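# I would like to see how this sequence folds:
(one chain, ligands or ions: 4)
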Amino acid sequence: FAGQGGRGPSLGFAAIPTSSADAVVVPEGYRVQAMIPWGTSLTEGTPDFATDNDADDQAHQVGSHHDGMHFFPLDGRSDEGLLVLNHEYIEPRFMHAAAAGLALDSGGFPERPDGSRDADQVRRELHAHGVSIVHLRRGDDGQWRLVKDAQSRRVTGLTPMRLAGPVAGSEHVITQYSPDGSMTRGTLNNCANGVTPWGTYMASEENWAGYFANRAETIDRRQARYGITSRDTSRYQWHKAAGGADEFLRFDATPRGGSAAEDYRNEPHAFGYMVEIDPFDAEAAPIKRTHLGRFAHEGVVFAPAVEGEPVVCYSGDDARFEYIYKFVSARPYRAATADGSLLDEGTLYAAKFHADGSGEWLALAPGENGLTPENGFQDLADILVNARSAADTAGATKMDRPEWGAVDPASGQVYFTLTNNTRREPGQEDAANPRANNTFGHIIRWREQGGQDATRFQWEIFLLAGDRDSGRDANGAPLGDDAILASPDGLWMDAERRLWIQTDISESVMNDGIYEVFGNNQMLVANPESGELKRFLTGPIGQEITGVTMTPDRRTLFVNVQHPGATTEASAFAAGDYASHWPDGGDAIPRSATLAISREDGGIVGA
Ligand code: FEO
Ligand code: CA
Ligand code: CA
Ligand code: CA
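Numbers count the residues shown, from 1 in each chain. Ligands and ions are numbered 1, 2, ... in the order given. Sure, this is the predicted structure:
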């Protein structure tokens with residue numbers, strides 16, 4: 001069922017080789033501008049990046065660890081718009097160590113004798129998470145520049161947010177902060193994104209579980225199934241901030257007796273959602289859309305909306321042996337009135353891939369697929385908060401870390417990256433996850449049988465990532481030097497149906513052993529009809545390439561470079577001996593940043 005027929009889009013550039021240089025490389029005839037690195041001031045009168053920035057500075061600066069993003073044009077223009085981008089996480093060692101000249105403890109934090117954390121450092125870290133809305137304009141010289149007006153702003157780990165959909169107001173999310181369960185504070189670990197048919201931005205909440213401590217001996221399944229274990233520690237130890245402010249203590253979910261409205265036991269239940277942000281309304285609170293399920297949301301991708309038909313979107317849960325989900329709205333799409341409330345009523349499904357190339361969507365709804373009170377699912381809110389457990393009960397297919405999805409704008413065909421899964425043992429293979437010890441990952445695609453809201457589909461493997469021995473393209477042919485890749489993660493299909501593929505080989509293994517041949521993380525582009533695959537970009541040392549969007553005229557491609565220099569050895573920090581100095585060069589601290597890529601001849605990028 002290879003697609004629409006025809007030859008598909010041209011890939012007219014000369015592929016580039018792999019690279020291990022501390023540089024961004026693009027094909028001949030292309031130029032690249034690195035811009036809005038972490039710490040760029042968005043507001044007149046606030047400082048740009050400096051190693052001794054404080055929490056208040058960071059509140060008005062671009063966050064760290066750029067990830068999913070989208071360009072929202074102003075008045076349809078291709079030279080001015082709002083670039084909205086996620087900031088997935090931070091590295092305290094880069095944020096604080098250089099400035100303070102302090103020794104780092106085993107967590108990478110500046111050491112404090114009593115084990116507490118500095119409150120201003122913690123607040124700065126929360127401000128470096130979240131989302132940036134950046135007003136950009138391209139000058140006559142072709143350079144993109146930040147416009148410091150009220151449209152450039154931040155959403156952070158401290159911004160008040162609304163909860164909407166079936167979980168809102170339920171017992172699961174009653175907290176001291178919001179006794180009626182209608183609100184929560186902040187969004188965290190925003191990885192990939194989505195764009196709704198009505199022109200709003202969706203930020204995902206991926207590895208939020210790591211931010212919470214819980215000292216209880218027995219951990220509730222609403223937390224245990226997501227990786228919260230009995231512990232007094234967490235990724236950044238925010239709950240140990242000196243001074244005991246409520247906004248930090250909430251990261252310790254230990255029940256303290258009394259009611260849920262008196263402590264923080266339910267705080268983790270307000271994370272794990274897709275968060276809707278209206279980039280054009282600075283006054284509107286972001287909204288967590290709970291009917292899309294609670295899990296390690298990599299992102300969300302919408303099928304093209306059709307007047308009078310339901311809204312359909314797809315989401316991956318990026319953890320080993322987790323699931324791919326689909327949401328179908330109850331109400332039909334009407335362009336004149338469509339808004340985010342369409343995401344509050346409908347049906348969440350999980351995918352089951354059969355060995356014969358067929359597949360089905362299993363409804364995660366009360367009374368369906370074993371989701372009954374007898375089996376421990378009281379109602380719809382309970383199912384959505386426990387989406388992983390619900391999909392377990394329904395019998396969905398356990399995947400090799402579902403990351404980004406893409407929908408073909410012409411055919412509605414859906415693609416998903418499965419980045420890797422080295423814990424799949426021999427004997428655990430299935431047709432959709434065909435490799436034990438899946439070190440390099442793959443890409444799957446399917447076509448719904450009927451409308452986009454169908455409950456049956458036909459699927460196939462589009463790409464087995466790998467080196468020249470193990471990689472296979474859509475035709476089953478080995479990958480050549482221009483096409484080898486590992487750990488596909490970011491994925492996006494542009495309006496001319498070029499499939500952009502970004503890689504995220506972990507910094508713990510990149511440029512080493514079986515991964516050495518791939519060099520630094522990179523971006524490739526595929527023709528969905530022919531399976532042709534060519535390398536388009538390679539990034540600097542220690543980073544991953546993630547996040548991709550274009551201007552409407554397709555003459556500027558935006559791509560993010562996340563965590564350059566993450567391969568720096570712990571012992572090298574005190575001396576500032578970073579593995580990368582990108583993008584500033586010299587002795588500079590490495591910083592995540594956005595690339596604006598265009599052709600010297602002004603043509604369409606990738607064509
Ligand atoms: Fe944040 Fe699954 O990558
Ligand atoms: Ca990442
Ligand atoms: Ca990712
Ligand atoms: Ca990844």
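# For whichever residue of the stretch 451-600 of the chain sits closest to ligand 4, grab the count of nearby residues.
Proximity of the stretch 451-600 of the chain to ligand 4 (C-beta to the ion) peaks at residue 504, 3.7 Å away. Yep, even glycine has a C-beta here, placed from its N, CA and C like the rest. Number of residues near residue 504 (other C-beta atoms under 10 Å) recorded here: 23.
# Tell me who's in contact with it.
403, 419, 487, 489, 490, 521, 544, 545, 546 (C-beta atoms under 8 Å, 6 or more residues apart in numbering).
# of those residues, list those near ligand 3.
Near ligand 3, judged by C-beta under 5 Å from the ion, the entries from these are residue 489.
# and the contacts of residue 504 as JSON lines, adding pLDDT, neighbour count and secondary structure?
Formatted as JSON lines, the contacts of residue 504 follow (pLDDT from 0 to 100; neighbours: other C-beta atoms under 10 Å; DSSP: H, G, I helix; E, B strand; the rest coil):
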{"residue": "403", "pLDDT": "98", "neighbour count": "29", "secondary structure": "strand"}
{"residue": "419", "pLDDT": "98", "neighbour count": "28", "secondary structure": "coil"}
{"residue": "487", "pLDDT": "98", "neighbour count": "26", "secondary structure": "coil"}
{"residue": "489", "pLDDT": "99", "neighbour count": "26", "secondary structure": "strand"}
{"residue": "490", "pLDDT": "99", "neighbour count": "30", "secondary structure": "strand"}
{"residue": "521", "pLDDT": "98", "neighbour count": "32", "secondary structure": "coil"}
{"residue": "544", "pLDDT": "98", "neighbour count": "29", "secondary structure": "strand"}
{"residue": "545", "pLDDT": "99", "neighbour count": "28", "secondary structure": "strand"}
{"residue": "546", "pLDDT": "98", "neighbour count": "30", "secondary structure": "strand"}
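# Get me the contact residues on the stretch 51-200 of the chain for ligand 1.
Within the stretch 51-200 of the chain, the positions adjacent to ligand 1 are 88, 191 by C-beta under 6 Å from any ligand atom.
# where along the stretch 51-200 of the chain do the helices fall?
55-58, 92, 98-100, 119-128 (DSSP state H, counting those that start in this stretch).
# can you check the chain too?
Secondary structure of the chain (DSSP state H): helices at 55-58, 92, 98-100, 119-128, 221-224, 246-249, 380-385, 387-394.
# Output these as a markdown table; include the columns distance to residue 344.
Shown next, in a markdown table, are these (distance: least, C-beta to C-beta, whole Å):
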| stretch | distance to residue 344 |
| --- | --- |
| helix 55-58 | 33 |
| helix 92 | 37 |
| helix 98-100 | 44 |
| helix 119-128 | 28 |
| helix 221-224 | 21 |
| helix 246-249 | 27 |
| helix 380-385 | 11 |
| helix 387-394 | 16 |
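# Any chance of those helices in TSV with mean pLDDT as columns?
As requested, the helices of the chain are exported to TSV (pLDDT from 0 to 100):
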stretch	mean pLDDT
helix 55-58	98
helix 92	89
helix 98-100	57
helix 119-128	96
helix 221-224	98
helix 246-249	97
helix 380-385	99
helix 387-394	99
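# and of those, who's closest to residue 276?
helix 380-385 (15.9 Å; C-beta to C-beta).
# Columns distance to residue 137 and mean neighbour count on top of the helices of the stretch 51-200 of the chain, output as CSV?
Listed next are the helices of the stretch 51-200 of the chain as CSV, based on distance: least, C-beta to C-beta, whole Å; neighbours: other C-beta atoms under 10 Å:
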stretch, distance to residue 137, mean neighbour count
helix 55-58, 24, 19
helix 92, 34, 22
helix 98-100, 32, 15
helix 119-128, 25, 23
